[in-house]
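1. Prediction below, plus the sequence it came from.
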Amino acid sequence: MNMKPRRRDRGITLIELLVVMVIIAMFATLVGSRLFRNVEKGKQTLAKAQIQEFESVLDMFRLDVGRYPTTQEGLQALQVKPQNVANWDGPYMKKDVPPDPWGHPYVYRCPGQHGDYDLIAYGNDGAEGGEGDATDIVNWK
């Protein structure tokens with residue numbers, strides 16, 4: 001009886017190894033794309049939550065001062081007392097005004113085009129308009 005292993009039984013071939021690597025790469029691509037899609041949805045949800053927090057804090061500022069901060073004063077008026085403002089009882093936020101989840105500053109305009117003030121996060125492209133991941137997050141919708 002011959003106990004030598006046959007040539008085919010010695011291990012895997014290079015082609016088999018490549019096939020397995022291609023399958024793993026395809027699986028990683030599918031999982032990765034779904035994961036990144038969820039990350040972008042999470043950033044949009046965070047931007048909406050931050051805008052809602054700004055709205056509450058801006059209302060507190062208005063109750064104390066009698067008006068919302070001007071565009072020139074910006075959201076920094078919630079942290080640092082603007083000049084010539086009476087009854088300012090801040091800082092109204094515990095921490096500095098954060099950038100939007102994409103690292104861009106929030107856009108604040110007062111008076112706003114859609115209400116007393118406009119608050120906007122321009123999405124991952126940092127520019128006005130856009131769809132999908134670049135959708136603008138605003139306080140009037």
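-> Now that the structure is in, tell me what you want to look at. Numbering: from 1, shown residues only.
2. Okay, buried residues for stretch 82-90 please.
-> 82, 85, 90 (16 or more other Cβ atoms under 10 Å). In this view, the C-beta of every residue, glycine as well, is placed from N, C-alpha and C.
3. Run through the strands of the protein in chain order.
-> Assigned by DSSP state E, the chain shows strands spanning 107-109, 118-121, 137-138.
4. shouldn't W140 be in contact with H114?
-> Yes. Shown here, W140 and H114 form a contact pair, counting by Cβ atoms under 8 Å, at 3.9 Å.
5. Just give me the neighbour total for G66.
-> 10 (other Cβ atoms under 10 Å).
6. For it, which residues are in contact?
-> N87 (Cβ atoms under 8 Å, 6 or more residues apart in numbering).
7. got the phi/psi numbers for it?
-> phi 100, psi 0 (degrees, to the nearest 10).
8. returning to that earlier point: of the strands of the chain, which stretch is the most buried?
-> strand 118-121 (a mean of 22; mean count of other Cβ atoms under 10 Å).
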